[in-house]
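>>> Have a look at this prediction, sequence included:
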Amino acid sequence: MSLPPLVEPAAELTKEEVERYSRHLIIPDVGMDGQKRLKNAKVLVVGAGGLGSPALLYLAAAGVGTLGIVEFDEVDSSNLQRQVIHGVSDVGKHKGLSAKESIAEINPLVNVILHNTRLESSNVLDIFRDYDLILDGTDNFATRYLVNDAAVLLGKPYVWGSIFRFEGQASVFWEDAPNGQGLNYRDLYPEPPPPGMVPSCAEGGVLGVLCASIGSIMVNEAIKLITGIGEPLLGRLMVYDALEMSYRKIKVRKDPNTPKITELIDYEAFCGVVTQDAQDAAAGHTITATELKDMIDSGKDFALIDVREQNEFEIVRIPGSVLIPKDRILSGAALAEIPQDRPVVLHCKSGARSAEALAALHKAGFSDAVHVGGGVLAWANQVDPSLPTY
């Protein structure tokens, strides 16, 4: 079911705009009216990363008049595999500024507004208020719930996308949709998964080109909402599998048990970074990368266990470490492999997974086990900068 156009049309298109958008104008469903609506639209993209990169480029190319970008991070070389709005010369530059410069090359007629800040409960309503539509390209559950709840409170629609390894998802959420079929992200995911259950892209990886597949779908949905053409993904979850090259749609219905959203909450606490058990285990049982180096240099006899996955272990490792993936420790399958006659030191990429494994070891009787805060990234940054990071 199509929805009424989200945005009123601008008064006119200039000669330059007619020439630039001519391939849109000759599509009957878009035409002059649709392009004027795109020109008058104000769209906010949360994140200029994997999904935000193609989304921003294609929104700009399509002629969306005002683009807002919420971003606080800087461009890193590991971003370039998928974040195509940035280039080699942008490494170290603020992502928002890098994105703005790329947009200017694509379409200088677009007004770009940078929000150089981390999106939080204290600022989200003020940032969202002046935009017609939100695109959520974030990669963590805390921000996704924040975006959803803010959009609900302001009555705004938003397009959501998610990517992981070879699979992507996309949908449209709009609690106050005029067709009476409104729903929000909590109708699909009432609660976040347990901490540590779902790896982030930084932990599990993502096929770079998948970002373009899902990002372009998100822009397609935005254009449909702005112009009032087609049937948006409101009430439908689109799931894409890049390996099988398959698309499937899953019906999403309003859950009558979903609590009404009346206020913003503490989303970090709601979603959690690690479990309470992991936080308790890490308290008083965390060492730094330099302390680990001192232990190695002094010849101390201990077991250094890497709880990452095999493919990560092949990228970079701390000398002397033995690989025992976290899941094997949590299931108890690897407990017999862990020595009981000497101290145990765990580490992962950044410290979250090793904290979860540490809690499991403490429960199994390895009460003196510790983990390395910051993991292999801290080792590479503080001890051996010659090592690659990922």
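On my side now, so go ahead.
>>> The least confident helix or strand in the chain by mean pLDDT packs against which elements?
Least confident helix or strand, the chain: helix 201-204 with a mean of 74, by mean pLDDT, DSSP states H and E. Using 3 or more CB pairs under 8 Å, 6 or more residues apart in numbering; DSSP states H and E as the contact test, the elements touching helix 201-204 are strand 158-164. The C-beta positions use only the backbone N, C-alpha and C, and glycine is treated the same way.
>>> Tell me where the longest helix sits in the protein.
The single longest helix within the chain, with elements called by DSSP state H, is helix 208-227.
>>> other SSEs contacting that helix?
helix 31-40, helix 52-62, strand 133-136, strand 158-164, strand 167-173, strand 236-241.
>>> at 10 Å what do you get?
Under the contact criterion of 3 or more CB pairs under 10 Å, 6 or more residues apart in numbering; DSSP states H and E, helix 208-227 touches helix 31-40, strand 42-46, helix 52-62, strand 133-136, strand 158-164, strand 167-173, strand 236-241.
>>> Redo those as CSV? Include distance to residue 287.
Shown next, in CSV, are the helices and strands packed on helix 208-227 (distance: least, CB to CB, whole Å):
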stretch, distance to residue 287
helix 31-40, 55
strand 42-46, 36
helix 52-62, 36
strand 133-136, 37
strand 158-164, 31
strand 167-173, 37
strand 236-241, 41
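>>> Columns mean neighbour count on top of those, output as JSON lines?
Shown next, in JSON lines, are the helices and strands packed on helix 208-227 (neighbours: other CB atoms under 10 Å):
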{"stretch": "helix 31-40", "mean neighbour count": "20"}
{"stretch": "strand 42-46", "mean neighbour count": "25"}
{"stretch": "helix 52-62", "mean neighbour count": "25"}
{"stretch": "strand 133-136", "mean neighbour count": "26"}
{"stretch": "strand 158-164", "mean neighbour count": "25"}
{"stretch": "strand 167-173", "mean neighbour count": "23"}
{"stretch": "strand 236-241", "mean neighbour count": "16"}
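>>> Could you dump the ones you listed into JSON lines and include mean pLDDT and distance to residue 298?
Below are the helices and strands packed on helix 208-227 laid out as JSON lines (pLDDT from 0 to 100; distance: least, CB to CB, whole Å):
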{"stretch": "helix 31-40", "mean pLDDT": "98", "distance to residue 298": "65"}
{"stretch": "strand 42-46", "mean pLDDT": "98", "distance to residue 298": "47"}
{"stretch": "helix 52-62", "mean pLDDT": "98", "distance to residue 298": "47"}
{"stretch": "strand 133-136", "mean pLDDT": "98", "distance to residue 298": "49"}
{"stretch": "strand 158-164", "mean pLDDT": "96", "distance to residue 298": "41"}
{"stretch": "strand 167-173", "mean pLDDT": "98", "distance to residue 298": "46"}
{"stretch": "strand 236-241", "mean pLDDT": "98", "distance to residue 298": "51"}
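>>> Of those, which is nearest residue 325?
Closest approach to residue 325 among these (CB to CB): strand 158-164, 17.9 Å.
>>> can you state the direction angle for the closest one and strand 236-241?
Calculated by axes from the mean of the first three to the mean of the last three CA atoms, to 10 degrees, strand 158-164 forms an angle of 20 degrees with strand 236-241.
>>> picking that back up, how distant is the least confident helix or strand of the chain from the center of its chain?
Its chain's average C-alpha position is 10 Å from that of helix 201-204, according to CA atoms, centre = their mean, to the nearest Å.
>>> again with stretch 226-237
That offset, for stretch 226-237, works out to 22 Å (CA atoms, centre = their mean).
>>> Please apply the same query to stretch 4-14.
31 Å.
>>> okay, it in PDB with CA atoms only?
Extracted in PDB, the C-alpha atoms of stretch 4-14 (Å, rounded to 0.1, in the frame of the first residue of the first chain):
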ATOM      1  CA  PRO A   4       0.900  10.000   0.800                       C
ATOM      2  CA  PRO A   5       4.000  11.900  -0.100                       C
ATOM      3  CA  LEU A   6       6.000  12.800   3.000                       C
ATOM      4  CA  VAL A   7       7.200  16.200   1.700                       C
ATOM      5  CA  GLU A   8       5.500  19.100  -0.100                       C
ATOM      6  CA  PRO A   9       7.100  20.000  -3.500                       C
ATOM      7  CA  ALA A  10       9.400  22.900  -3.800                       C
ATOM      8  CA  ALA A  11       8.200  25.900  -5.900                       C
ATOM      9  CA  GLU A  12      10.300  25.200  -8.900                       C
ATOM     10  CA  LEU A  13      13.400  23.500 -10.400                       C
ATOM     11  CA  THR A  14      16.100  25.600 -12.000                       C
END
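>>> Using neighbour counts, pick out the buried residues of that stretch.
5-7, 9, 13 (16 or more other CB atoms under 10 Å).
>>> Quick one, which of the helices and strands packed on helix 208-227 gets closest to residue 110.
helix 52-62 (4.8 Å).
>>> Show the low-confidence segments of this structure, by residue range.
Applying pLDDT under 70 to the chain flags residues 195-197, 272-273.
>>> Before I go, just wanted to say thanks for your time.
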